[in-house]
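Student: Mind looking at a prediction? Sequence and model below.
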Amino acid sequence: MAKPQRPKDGAFKPEESFGYMINYVARLYAREMGREAARHGVQLGTFPVLLALWEAEGQTQSELAVRAQIEQPTMAATLNRMERDGLIRREPDPHDRRAARVLLTAQGRALRAPLTAAARAINARSVERLEVIDAEMFLQALHEVAASLSRGETGRAPSG
């Protein structure tokens, strides 16, 4: 694959910037996923928390913040909203009186099938113009970009 050409006049063109295009695509994806979440009565910000809980229920707020890659204050507000909306409940941690374990309600569990189906459909639609091999290479390239940029945060590549 050829490298993108830099403008001859040295001008910065957003549509030729990896960072700009990744951010633009992320905003488009968030818009689509936000619409799907709203159809099911939840906000987009709850989706990463639901994903983490569908994978491993009973985590603490701190554990969820790490797993969902959400800052603690945002996680606290998101969990409060999810509890208010009947998606989760909190139970005291039997080993740490200061902590609570976050558990899904039946309503929170019921969102798994429709929201993950919506995410899969959006993912499929997002690469429908690419050949299968191109889509796989694109995803691998995004992982490599993430690893390169994550090194600056911790001094090493992310695990996983």
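Tutor: Sure, I can see it. Residues are numbered from 1 along each chain as shown.

Student: just how off-centre is stretch 74-81 within its chain?
Tutor: Offset of stretch 74-81 from its chain centre (C-alpha atoms, centre = their mean, to the nearest Å): 16 Å.

Student: domains of this protein?
Tutor: With domains defined by automatic domain parsing, the chain comprises 15-122, 130-160.

Student: quick one: average pLDDT of the last one?
Tutor: Okay, so that is domain 130-160. Here domain 130-160 scores 78 as its mean pLDDT.

Student: Just say helix, strand or coil for the spatially most central residue of the chain.
Tutor: The residue lying closest to the centre of the chain (C-alpha atoms, centre = their mean) is Pro48, at 5.1 Å. Here Pro48 is helix, with the state taken from DSSP: H, G, I helix; E, B strand; the rest coil.

Student: residues touching the spatially closest residue to it that is not a sequence neighbour, list them.
Tutor: Closest residue in space to Pro48, ignoring its immediate chain neighbours: Ala68 at 4.1 Å, by C-beta to C-beta, 6 or more residues apart in numbering. Just so you know, the C-beta spots here come from the backbone N, C-alpha and C atoms, and that holds for glycine as well. Contacts were defined as C-beta atoms under 8 Å, 6 or more residues apart in numbering; by that measure Ala68 touches Pro48, Val49, Leu51, Ala52, Met75.

Student: Show me where this protein has its strands.
Tutor: Assigned by DSSP state E, the strands in the chain fall at 59-60, 88-93, 96-104.

Student: what's the most buried one of these?
Tutor: strand 59-60 (a mean of 18; mean count of other C-beta atoms under 10 Å).

Student: Please identify the deepest-packed of the domains of the chain.
Tutor: domain 15-122 comes out most buried of these by mean count of other C-beta under 10 Å, with a mean of 15.

Student: sorry, back to before: how far away is the residue nearest to Pro48 from Ala118?
Tutor: 18 Å (C-beta to C-beta, to the nearest Å).

Student: Check Ala146 too.
Tutor: According to C-beta to C-beta, Ala146 and Ala118 sit 23 Å apart.
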